[in-house]
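J.: Pasting the sequence and the predicted coordinates here, then a few questions.
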Amino acid sequence: MKPAAARRVFLCSSCLAFCYLCCAQVLWRSGDHEWKKLIMVHHWPTTVCMEVGNDCRNPPDYWTIHGLWADKAESCNRSWHFDFNEIKGLLQEMNMYWPDILHSTDNHSTFWRHEWEKHGTCVAQLEALNSQQKYFGKGLDLYKGLALNSMLQKLGIRPSGNYYQISDIKDALASVYGVVPKVQCLLPEQDEEVQALGQIELCFTKDLQLRNCTEPGGPRGQQEGVRLALRGLEVCEDGPVYYPPPPQGGR
C-alpha cells in the first residue's frame, strides 16, 4: 500500500473510533444513563426464595451476588448483547458465588445475561469494567474482597431463630467496612411476625473505593429480577429482623 493510501486508511479508522467513543459518552451521560456510584448487591438465598413463594431446591447457605449495579442507569446499550463465551474462564466461581437462586440448574446464563444487559452495559463506561469478562470478574473480586459471609460470622450475626435489631446489623457492618451499608428486608405479611433480612448493599465510587450508600435513588430490590416477584424487598424498618436459617440440605 502506498504511503498516501495508508495515511487515508489510518485517518478514516481514527475518525470512526473517535466517533464511536463520542457516541458512547453521549449515551452513557444522557438521561437515565447517568450514574454516580456502584452498588455491590448481596442477597440471602433463603429470603429470596421466601420473596417469590418458591421453596428453591437446595439454596446456598451463604450470601451470594445479586449484581453489580450503577445507582440509576439501566440498559444503557441495548445492542451490546451477552456473550457466554466471554466468561467461560469464570464459570466455576460464577456458579458458586453468582448463581440464579430460583432456578436449580447448572446453566445460569439467563440470569447473567439479564445482569449484563441491564447493569453491565451501564458501568462499562469504566475501563475496569468495559467488557463482560471484566464486569463479572470485578464483581467476583469485590465480593471476595468484602467477604460478607465471614464478616457477619465474626460479628456474631448468624442465621437463627433469634431476632436481631436492624440498627445493630448496620452499625456492626459500618464498623468493619467504614461506610454505611444499605440493608433491605422482606416485610412481614399478616401471618408473619417480623421482617426477614434479604439484601445487603455496599457501595463504591467510580474509582472502586468504598463509600456510603446514603444518597437517595438507585434500583430497589422489588424492581430487580429476571422473573416476577410476588413480594418485594424494601429498606428495612427500624426494629427487629429475622435472619432465616437455610432449609436442611442447603448447599
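T.: In hand now; what should we look at? This structure is a prediction, so every number in the text was calculated from the model and none was measured.
J.: where does the residue nearest the centre of the chain land in three-state SS?
T.: In the chain, the residue lying closest to the centroid (Cα atoms, centre = their mean) is G67, at 1.7 Å. Look at G67: counting by DSSP: H, G, I helix; E, B strand; the rest coil, its state is strand.
J.: Number the residues from 189 up from this point.
T.: New numbering, starting at 189: the last item is G255.
J.: residues in contact with it?
T.: Residues in contact with G255, defined by Cβ atoms under 8 Å, 6 or more residues apart in numbering, are V229, E303, H307, G327, E412. Heads up, the C-betas are built off the backbone N, CA and C, glycines and all.
J.: what do you get for I253?
T.: Residues in contact with I253 (Cβ under 8 Å, 6+ apart) are M228, V229, H230, H231, Y285, W286, G327, L328, Y331.
J.: what's the distance between it and N265?
T.: Going from I253 to N265 by Cβ to Cβ, to the nearest Å gives 22 Å.
J.: Same question for T235.
T.: 32 Å.
J.: Could you check which of the two has the larger neighbour count?
T.: Taking other Cβ atoms under 10 Å, T235 and N265 do not tie; T235 has more neighbours (24 against 16).
J.: okay, now the nearest residue to the more buried one once chain neighbours are set aside: neighbour count?
T.: Spatial nearest neighbour of T235, chain neighbours left out: G386 (3.9 Å); criterion: Cβ to Cβ, 6 or more residues apart in numbering. Other residues near G386 come to 29 when the count uses other Cβ under 10 Å.
J.: G386 sits in which helix or strand?
T.: In this structure, G386 sits in strand 383-392 according to DSSP states H and E.
J.: and if you look at L361?
T.: According to DSSP H and E, L361 maps onto helix 354-365.
J.: List of residues touching that helix?
T.: Here helix 354-365 makes contact (Cβ under 8 Å, 6+ apart) with 334, 339, 343, 345, 368-369, 371, 373, 385, 388, 390, 398, 424-429.
J.: Which ones among those map onto strands?
T.: V371, C373, L385, I388, L390, L398, P428, V429 (DSSP state E).
J.: Need the buried ones from those selected in PyMOL.
T.: Only the buried entries of the ones in strands among the contacts of helix 354-365 go into this PyMOL selection, using 16 or more other Cβ atoms under 10 Å:
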select buried, resi 371+373+385+388+390+398+429
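J.: right, and out of the ones in strands among the contacts of helix 354-365, which lies closest to N273?
T.: For the ones in strands among the contacts of helix 354-365, the residue nearest N273 by Cβ to Cβ is L390; the value is 30.2 Å.
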